[in-house]
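> Quick one, structure for this:
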Amino acid sequence: MKNILFAAFLAMVFTSGCGGKTYYESADKSKNETEREHMECEYEAEKATASVVDSDERRERIDSLVDKCMRLKGYQPQ
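Numbering: from 1, shown residues only. The predicted structure follows:
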């Protein structure tokens, strides 16, 4: 029984991802400007995915759109 619980715990840890927030950086932009532009990208991505019902799928799409938006603004992920 303990082995099954341990295996279930490991499966949960590995499937939950090691992600987190991606940080972006640009040599010619301040931290405040970076945060503002990230919030703008996040807002636009949330609007664009408002009709997606599945929360995991929506989060993936938002993350992808934010990444594209930030790269278009000249940022690189860190």
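> From A45, how far out is A27?
24 Å (Cβ to Cβ, to the nearest Å). Every C-beta, even on glycine, is put in place using the N, C-alpha and C of the backbone.
> more neighbours, those two?
Counted by other Cβ atoms under 10 Å, A27 and A45 do not tie: A45 has more neighbours, with 20 against 6.
> Which helix or strand contains that one?
helix 31-48 (DSSP states H and E).
> So which other helices or strands are in contact with that helix?
strand 24-25, helix 55-72 (3 or more Cβ pairs under 8 Å, 6 or more residues apart in numbering; DSSP states H and E).
> Restrict stretch 40-56 to CA atoms and write it as CSV.
Listed next in CSV are the C-alpha coordinates belonging to stretch 40-56 (Å, rounded to 0.1, in the frame of the first residue of the first chain):
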residue,chain,number,x,y,z
GLU,A,40,-0.2,43.8,-20.9
CYS,A,41,0.8,40.6,-22.7
GLU,A,42,-0.9,38.5,-20.0
TYR,A,43,-4.1,40.6,-20.2
GLU,A,44,-4.3,40.3,-24.0
ALA,A,45,-3.7,36.5,-23.8
GLU,A,46,-6.4,36.1,-21.2
LYS,A,47,-8.9,38.0,-23.5
ALA,A,48,-7.9,35.9,-26.5
THR,A,49,-8.4,32.6,-24.6
ALA,A,50,-11.6,33.5,-22.7
SER,A,51,-13.7,31.0,-24.6
VAL,A,52,-11.4,28.0,-23.7
VAL,A,53,-13.2,25.9,-21.1
ASP,A,54,-10.4,23.5,-20.1
SER,A,55,-8.3,25.3,-17.5
ASP,A,56,-5.1,23.4,-18.3
